[in-house]
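1. sequence and predicted structure, then a few things I'm wondering about:
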Amino acid sequence: MSKFRIVVPSALIILAFGVTVVGDALADQVIKFRTTHVNVSKRFDPVEVGDKPGHIVAIFEAKGVGKRYDGPSEPPYKIEIWGTGDYQGDVTGKDGGYGKFIFSDGSSYYERWTGTVKGDHDVGTAVYYGGTGRFKGMKEGSGSKFDCILLGDRFICDVEGTIILPD
């Protein structure tokens, strides 16, 4: 058997192993989850626009708690929310803002969200960013979709999300 027949297959095996190891080292950690957020408005400052009955713009702040029910186990975490809305008298409108999620180990991340209000629901999406602690380096593509039921000064949201972290 010639050296060529032994060296070439051996080199190909080593190359394939090296590519596999490097490929695995570059893979992202993807966390998929479903959670419920229970929030209470701390501030809601509406201003009537005056162009149509019931048309208001508002700034608001809320605090709450989140609990995962699907995905990696996570103790309940704190939520802070700030936003603005443009609402019509027929209980429809658009809103958006920012949120911060603070976990028991001190790690946190932010979100930028937008929603559409119709009746007693606010449905929308969020993009996550600015992770600290175990969420540091959070990658583009991290985010969620949400469906909140509006209950006066409280709102309960079902959230389905993905967090992408460097491995």
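-> On my side now, so go ahead.
2. distance of Arg112 from Gly124?
-> To Gly124, Arg112 is 11 Å away according to Cβ to Cβ, to the nearest Å. In this view, the C-beta of every residue, glycine as well, is placed from N, C-alpha and C.
3. give the next helix or strand downstream of the lowest-mean-pLDDT helix or strand in the chain.
-> The weakest-scoring helix or strand in the chain, judged by mean pLDDT, DSSP states H and E, is helix 3-25 (a mean of 40). The C-terminal neighbour of helix 3-25 among helices and strands, as given by DSSP states H and E, is strand 28-48.
4. what is the three-state secondary structure of Gln134?
-> In this structure residue 134 is Arg, not Gln. Under DSSP: H, G, I helix; E, B strand; the rest coil, the three-state class of Arg134 is helix.
5. pretty sure it contacts Ser107?
-> Yes. With contact defined as Cβ atoms under 8 Å, Arg134 reaches Ser107; the gap is 4.6 Å.
6. which other residues reach the host helix or strand of Gly97?
-> Using DSSP H and E, the element containing Gly97 is strand 92-102. Contacts of strand 92-102 from elsewhere in the structure, counted by Cβ atoms under 8 Å, 6 or more residues apart in numbering, are 60, 66, 77-87, 108-119, 122, 124, 126.
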